[in-house]
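Asker: what would the 3D arrangement of this be:
(2 chains)
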Amino acid sequence: MTTYRAIRGMVDILPDQTPLWQSMETAALEVLSSYGYAEIRLPIIESTDLFARSIGEVTDIVEKEMYSFPDRNDDSMTLRPEGTAGCVRAIVQHNLAVTTQRLWYMGPMFRYERPQKGRQRQFHQLGVEAFGVATPDQDVELIALSRQLWRRLGVDDALQLEINSIGSAADRVRYRQALVDYLSGHRDQLDADSQRRLDTNPLRILDSKNPETQALLESAPALSEYLDTETQAEFAALLSQLDLLGVTYVVNPRLVRGLDYYNKTVFEWTTDRLGAQSTVCGGGRYDTLVATFGGKDTPAAGFAVGLERLILLMQSLDITVTAAADLYVVTADENAYRHSLPRLDALRRQFPDLDIVQHLGGGSFKSQFKRADKSGAAWALVYGEAEVSANQVSLKPLRVDAEQQTIADGELATFLAGYLAEAHSA
RNA sequence: GUGGCUGUAGCUCACCAGGUAGAGCACCGGAUUGUGACUCCGGAGGUAGCGGGUUCAAGACCCGUCAGCCACCCCA
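Answerer: Residues are numbered from 1 along each chain as shown, chains lettered A, B, ... in the order given. Predicted structure coming up:
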């Protein structure tokens, strides 16, 4: 008998974890809709070409991390490594860019990397994308929105915003040349990865962690000096609006990000509580991507949140959510069970928000109450022999020290309405 | 993809100069007749990740493999 395990880098999210996930998802949904963002649902598989063109042929993601395979028609398909490409594809395909769009999506992404904490092969992202606004107020809204989510989740104190402007494509062509010119003179002092990147993707050398490389970069030309005046003004405006909102940030001139489609604003929310996988959220502006895919010229910006990392961060801060029912129903015997069945059915209809768990499988009162206690339910709803024959029910509080009370069937609805009102105000 | 650490009951771990495994928690049952939590008693649960080797004998040593973790790398 072979025993099966989830394949490497793919993890099960078990029932003791899903309440935390759901509360996070609900918070995100509420924050997003409060800013007028609408959900878009996208396929998990797209043509390989889509990702290669948008993310960049020489990026690590495309070169060695994609789950690509030929389908039965021998076309090359890829499990999405990120969400922006598919979102932009949908925008163009359905011609949604005729007006501005504020969109979000949530779902699994796939990257063939070596797993460690905060890094899986299948992981989940919340993506937020905005199309049609070229001015920095859009960037500000995205950042403000993300910070609102951190506050809502109670993780804002653990997160730091790093931000930079990487300019237009033209700016970067000029800067890239200057950087290559400078570093070529010191080629032998670069680490192996950086030497390789000198020919392929020189800007990525900027965020190398190698100390010698970093030292070398101290006297390298600065990207900020290659930005045109308009971009500089926009970046300054963006920062001043963040100041207005009281968003604290660190301008990190070495922040460049690993996907080719970004321009102008790039930013990351990072934490020191997750070890090496410190980026919880990252994004920026990508003004040319829509046109690249054949749409009309449409400015755009967005970000992605790593949901596993967010959960890890919440857990590191001892944020817990438990799902416990309101009522756990205990019945004395077959007759009491039959008596309770239609009554509970009516209750569920009358109180859709009430969580009612019925004890199944019989057993002694004692064992049923044990289960009731372990379930975490607030009350045990008791149908004993006496209650049934008198058309009554007993309510035993399980979480507070108070007396059990027995009331008439007809009074239960009133009681529960009062309980729910109290629970909501609490 | 590179380097390192780890892998024993559901969970956290222990034992042992190499001689066929234990604890705590969790789980199930019981402590007189319709009531949980605390306590007490009892029970179930492991071919020691998997495969091979050395040995009279291996969970303990060696090799391989798989998986997790840490760093690199990468990014969310």
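Asker: for A:Phe293, give me its contacts.
Answerer: A:Arg53, A:Ser54, A:Val88, A:Arg89, A:Val92 (C-beta atoms under 8 Å, 6 or more residues apart in numbering). Backbone N, C-alpha and C define where each C-beta goes, glycine included.
Asker: who does the helix or strand hosting the second one touch, helix- and strand-wise?
Answerer: For A:Ser54, the element it lies in under DSSP states H and E is helix A:48-55. Helix A:48-55 makes packing contacts with helix A:60-64, strand A:76-79, helix A:84-93, helix A:289-292 when contacts are defined by 3 or more C-beta pairs under 8 Å, 6 or more residues apart in numbering; DSSP states H and E.
Asker: make it 6 Å
Answerer: helix A:60-64, strand A:76-79, helix A:84-93 (3 or more C-beta pairs under 6 Å, 6 or more residues apart in numbering; DSSP states H and E).
Asker: contacts for the first one?
Answerer: Translated: helix A:60-64. Residues from elsewhere that reach helix A:60-64 (C-beta atoms under 6 Å, 6 or more residues apart in numbering): A:Ala52, A:Ile55, A:Pro81.
Asker: could you do the shortest one as well?
Answerer: For strand A:76-79, the external contacting residues (C-beta under 6 Å, 6+ apart) are A:Ile45, A:Thr48, A:Phe51, A:Met66, A:Tyr67, A:Ser68, A:Phe69, A:Pro70, A:Asp71, A:Phe110.
Asker: ok, the last one next?
Answerer: When contacts are taken as C-beta under 6 Å, 6+ apart, the neighbours of helix A:84-93 outside the stretch itself are A:42, A:46, A:50-51, A:54, A:80, A:97, A:129, A:289-290, A:293-295.
Asker: try it again at 7 Å.
Answerer: A:40, A:42-43, A:46, A:50-51, A:54-55, A:80, A:97, A:101, A:103, A:105, A:127, A:129, A:131, A:289-290, A:293-295, A:302 (C-beta atoms under 7 Å, 6 or more residues apart in numbering).
Asker: show me which of those neighbour RNA strand B.
Answerer: The subset of the contacts of helix A:84-93 lying close to RNA strand B, counting by C-beta under 7 Å from any atom of the strand, is empty.
Asker: in chain A, where is pLDDT below threshold?
Answerer: Scanning chain A with the threshold set as pLDDT under 70 gives A:1-3, A:424, A:426.
Asker: setting the sequence-adjacent residues aside, check what's closest to the closest residue to RNA strand B within it.
Answerer: Residue nearest to RNA strand B within chain A (C-beta to the nearest atom of the strand): A:Gly258, separated by 1.6 Å. What sits nearest to A:Gly258 in space, not counting adjacent residues and going by C-beta to C-beta, 6 or more residues apart in numbering, is A:Thr59, at 5.7 Å.
Asker: do the same with A:Leu183
Answerer: A:Leu198 (5.9 Å).
Asker: quick revisit: which of the contacts of helix A:84-93 are buried?
Answerer: A:40, A:42, A:46, A:50-51, A:54-55, A:80, A:97, A:101, A:103, A:105, A:127, A:129, A:131, A:289-290, A:293, A:295, A:302 (16 or more other C-beta atoms under 10 Å).
Asker: the helix or strand harbouring A:Glu30 - contacts with which helices or strands?
Answerer: Assigned by DSSP H and E, A:Glu30 falls within helix A:18-34. Where contact means 3 or more C-beta pairs under 7 Å, 6 or more residues apart in numbering; DSSP states H and E, helix A:18-34 is packed against helix A:136-153, helix A:307-316.
Asker: fine, thanks again, bye for now.
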